[in-house]
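here's a sequence, model it:
(2 chains)
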There are 2 protein chains.
Amino acid sequence: MPSNPTPSNPAPSTTTPSTVVDLDLTVSSIELTRVICDIESVSGNETGLADAIERALLPFEHLEIIRDGDTIVARTNLGRGKRVVIAGHIDTVPLNNNLPTRFETDDGVEYLWGRGTVDMKAGVAVQLKLAAELTAPAVDVTWMWYDHEEVSADLNGLGRLAANRPDLFIGDFAILGEPSNSQVEGGCNGNLRVELRTFGLRAHSARSWVGDNAIHKAAPILERLAAYEPRQVEVEGLVYREGLSAVGISGGVAGNIIPDEAMVHVNYRFAPSRSGAEAVAHIRELFPEYDMTVVDFAEGARPGLDAPLAQGFMAAVGGEARPKYGWTDVARFSAMGIPAVNYGPGNPLKAHADDERVAVDQITECERGLRTWLSASAD
Amino acid sequence: MPSNPTPSNPAPSTTTPSTVVDLDLTVSSIELTRVICDIESVSGNETGLADAIERALLPFEHLEIIRDGDTIVARTNLGRGKRVVIAGHIDTVPLNNNLPTRFETDDGVEYLWGRGTVDMKAGVAVQLKLAAELTAPAVDVTWMWYDHEEVSADLNGLGRLAANRPDLFIGDFAILGEPSNSQVEGGCNGNLRVELRTFGLRAHSARSWVGDNAIHKAAPILERLAAYEPRQVEVEGLVYREGLSAVGISGGVAGNIIPDEAMVHVNYRFAPSRSGAEAVAHIRELFPEYDMTVVDFAEGARPGLDAPLAQGFMAAVGGEARPKYGWTDVARFSAMGIPAVNYGPGNPLKAHADDERVAVDQITECERGLRTWLSASAD
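Alright, predicted model coming up:
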């Protein structure tokens, strides 16, 4: 899942491997997760891992390999009636003393601990293993492993690939390996951020009545946010929970000045039944008397679980589909008309956490689910 | 009047005169104002002006001259039954393209325009002229011209002098030449600044219900501030108007994080009938559920107009005494048991303004008032 989609997360480059690491794609997906997590690939430093992936896949004759920057595409061309895109990002958020990985057991559960284990190299490892092994899947597959997902949206490798090679985005269904506890999470909420501003008149605070306090004028904004009851909206069988939150507030000139401006930064996560334009209108309706600037905006994605391929996928992997709350790149596929779901190992609550860790059973479970479906799915 | 009493106003030093300017104290107080305003003395750069003042006063045999840093004290030792302290600061806030001074006429009123004309070199000019001329005032006078008033309180020249030479602070009454439209402004409000903090639980804003939004919790603080009705309190015949204002607000981690902390910076200007401790208790009572830190604190000063010398002063200068809202160094005299008032030319609303300017008639009026009283006042 992307971190803050503003360009506030510069990509530090700490190491650049001078030689390409040899990836053995025949090891278990758990072991492969460990290996690729230990190839540090904080956003901006993906080249080493991309090189290793490209080199490991080139020998497989059932795969056509395409490279765009540090994004690697591998696709089968078997002439199947349907094509599925299966994608995962290879970058991580910055380290915080959480590499190299290690195995640990907690309350009887075995985990692989370390940066990237959840978001989302376990998913990538499963995909790599299956890309190599499944020489004749029941559908054609376009595998995509892309760079720069955890930083500003304009750097996103999937977005760049869509601009450079739109022909690669032909498909009937897409699966994104974002962490979802190896259960299907459909679609995603939309994401809107606005700045609400109040204005007043500056004055010396010793004569406050001469001025007009812009911070005091923000009281109704916070009241309405605190009292707001977010909706729970059913979309194609999944219930999306919305959220409306102040994520920032600022104002003030000096300790003796009545401030003439204040700003509340508001984040609205909205169900995919609502368009971005409707989300903006909703916020404007909630705060009609305030100056409002949209600073970030991403459409949600409907779950698309009524697509025939999605139905087959659900049947193969089992379990109940759930809604995805966080915004993910499924929305890019959705916007291109390709129904898309999230399906990957790891608890999303542990994504970006310093104690990021994945239950190894989830890696095996995800591999089993994808393998079952790709081996059996009928057109 | 002091600007923000926190050390946020570093004193830039732009010029250091290499030779001492000769001040002619026989010119009109308007002309003398012009001359000393054009000797730039932004806080930290007072040496040139202090040198000029010291050199101009040394020839006068009725004055004992004492220097402490860039503070100059001149006092008569005539054995009068009463002693009065008359003080003014010689520094200004930073320039903003408002030197050199110029005369201008607006709506029939003649002004001297430029940095320091109001705060408070017109008052200093009147004091310097009278210090030189009145060789036998009716009361002994201790004149004080001090440095570093417009910056952090711990740099204040009057405070330093009180620590180094407490013996100079013997007096029955004090007059501070702060701008007051050449009318007597008694005492001053106290000044308290506190930070109120709210705490919550950080979470990804895509799952806002997992967290606890600290900014939303600040809503009642802003509501109470917006609804607060400041008191108007009569103290010794003057009505002090209080003020309770947010002067700053902050909170937020990133655009996709539910914030776990927010802070509202609150400034309370309280009537001098209330002690600082009572002011703190009042704010604590208004916001009992919030974490509170006192960040700045200055007692007010009662007007002291019932002192016999104050009564005589009022009679001599004429007009109605009014309350001083802004905190000034009268509070230092008040704390030392010396009743003190503000009396100086210039509209305090123009202090620190880029278009700072003093009506020249007010300079003449202030000189007349002080001269009348010092010439006639009886013990």
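
beta partners of whichever residue of the stretch 251-379 of chain A sits closest to chain B?
At 2.9 Å from chain B, A:Gly252 is the closest residue in the stretch 251-379 of chain A, using C-beta to the nearest C-beta. Any C-beta I mention is one placed from the backbone N, CA and C, and that applies to glycine too. A:Gly252 has these beta-bridge partners by DSSP bridges: B:Gly248.

point to the helix or strand of chain A where mean pLDDT is at its lowest.
strand A:203-204 (a mean of 86; mean pLDDT, DSSP states H and E).

helices or strands up against that one?
Here strand A:203-204 touches strand A:257-258, going by 3 or more C-beta pairs under 8 Å, 6 or more residues apart in numbering or on different chains; DSSP states H and E.

now for the very next helix or strand once past the strand it packs on, which elements pack on it?
Sequence order places strand A:261-270 as the next helix or strand after strand A:257-258, per DSSP states H and E. Counting contacts by 3+ C-beta pairs under 8 Å, 6+ apart, strand A:261-270 packs against strand A:190-199, helix A:219-227, strand A:243-252, helix A:276-286.

direction included, what does strand A:261-270 pair against?
strand A:190-199 (antiparallel), strand A:243-252 (antiparallel).

low pLDDT regions in chain A?
Along chain A, the parts satisfying pLDDT under 70 run over A:1-18, A:377-379.

quick one: the helices in it?
A:29-37, A:47-57, A:122-133, A:157-164, A:219-227, A:276-286, A:308-317, A:330-335, A:360-376 (DSSP state H).

now do the buried residues in the longest one.
Using 16 or more other C-beta atoms under 10 Å in any protein chain shown as the test for burial, helix A:360-376 gives A:360, A:362-371, A:373-374.

against which helices or strands is it packed?
Contacts defined by 3+ C-beta pairs under 8 Å, 6+ apart place helix A:360-376 against helix A:29-37, strand A:109-113, helix A:122-133, helix A:308-317.

repeat the analysis, applying 10 Å as the threshold.
Helices and strands touching helix A:360-376, by 3 or more C-beta pairs under 10 Å, 6 or more residues apart in numbering or on different chains; DSSP states H and E, are helix A:29-37, strand A:83-89, strand A:109-113, helix A:122-133, strand A:173-176, helix A:308-317.

what's the nearest residue to A:Ala298 if we skip its chain neighbours?
Closest residue in space to A:Ala298, ignoring its immediate chain neighbours: A:Asn191 at 4.5 Å, by C-beta to C-beta, 6 or more residues apart in numbering or on different chains.

ok, the one you found touching A:Lys324?
No - applying C-beta atoms under 10 Å, one finds A:Asn191 not in contact with A:Lys324, separated by 11.8 Å.

more neighbours, these two?
A:Lys324 (30 against 26; other C-beta atoms under 10 Å in any protein chain shown).

can you put the helices and strands packed on helix A:360-376 in CSV and add mean neighbour count and distance to A:Val235?
As requested, the helices and strands packed on helix A:360-376 are exported to CSV (neighbours: other C-beta atoms under 10 Å in any protein chain shown; distance: least, C-beta to C-beta, whole Å):
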stretch, mean neighbour count, distance to A:Val235
helix A:29-37, 23, 32
strand A:83-89, 25, 22
strand A:109-113, 19, 33
helix A:122-133, 26, 24
strand A:173-176, 28, 18
helix A:308-317, 18, 14
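
out of these, nearest to B:Ala125?
In terms of C-beta to C-beta, the element of these nearest to B:Ala125 is strand A:83-89, at 71.1 Å.

how far off centre is that closest one?
Chain-centre distance of strand A:83-89: 14 Å, with C-alpha atoms, centre = their mean, to the nearest Å.

now do it against helix A:308-317, angle only.
Orientation of strand A:83-89 against helix A:308-317 (axes from the mean of the first three to the mean of the last three C-alpha atoms, to 10 degrees) gives an angle of 60 degrees.

who does strand A:83-89 touch, helix- and strand-wise?
Under the contact criterion of 3+ C-beta pairs under 10 Å, 6+ apart, strand A:83-89 touches strand A:71-75, helix A:122-133, strand A:140-146, helix A:157-164, strand A:173-176, helix A:308-317, helix A:330-335, helix A:360-376.

run the last query once more with 6 Å
helix A:122-133, strand A:140-146, strand A:173-176 (3 or more C-beta pairs under 6 Å, 6 or more residues apart in numbering or on different chains; DSSP states H and E).

ok so, going back, ranking the strands paired with strand A:261-270 by burial, who's on top?
Most buried of these by mean neighbour count (mean count of other C-beta atoms under 10 Å in any protein chain shown) is strand A:243-252; its value is a mean of 24.

what's that strand in contact with?
With contact meaning C-beta atoms under 6 Å, 6 or more residues apart in numbering or on different chains, strand A:243-252 is reached by A:215, A:225, A:228, A:230, A:259, A:262-269, B:205, B:208, B:213, B:215, B:247-252, B:255, B:258.

TSV for the helices and strands packed on strand A:83-89, including distance to A:Glu61?
Formatted as TSV, those follow (distance: least, C-beta to C-beta, whole Å):
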stretch	distance to A:Glu61
helix A:122-133	11
strand A:140-146	15
strand A:173-176	24
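
and these as JSON lines, adding distance to chain B?
Output for these, formatted as JSON lines (distance: least, C-beta to the nearest C-beta, whole Å):
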{"stretch": "helix A:122-133", "distance to chain B": "18"}
{"stretch": "strand A:140-146", "distance to chain B": "20"}
{"stretch": "strand A:173-176", "distance to chain B": "15"}
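
which stretch among these comes nearest B:Met144?
The closest of these to B:Met144 is strand A:140-146. By C-beta to C-beta, the value is 72.4 Å.

wait, what's in contact with the residue of the stretch 51-200 of chain A found nearest chain B?
Nearest residue of the stretch 51-200 of chain A to chain B: A:Arg193, at 5.4 Å (C-beta to the nearest C-beta). Shown in contact with A:Arg193 (C-beta under 6 Å, 6+ apart): A:Asn267, A:Val295, A:Asp296, B:Gly255.

quick check, nearest of the buried residues of helix A:360-376 to A:Ile170?
So of the buried residues of helix A:360-376, ranked by how close each gets to A:Ile170 (C-beta to C-beta), first place is A:Leu374, at 17.9 Å.
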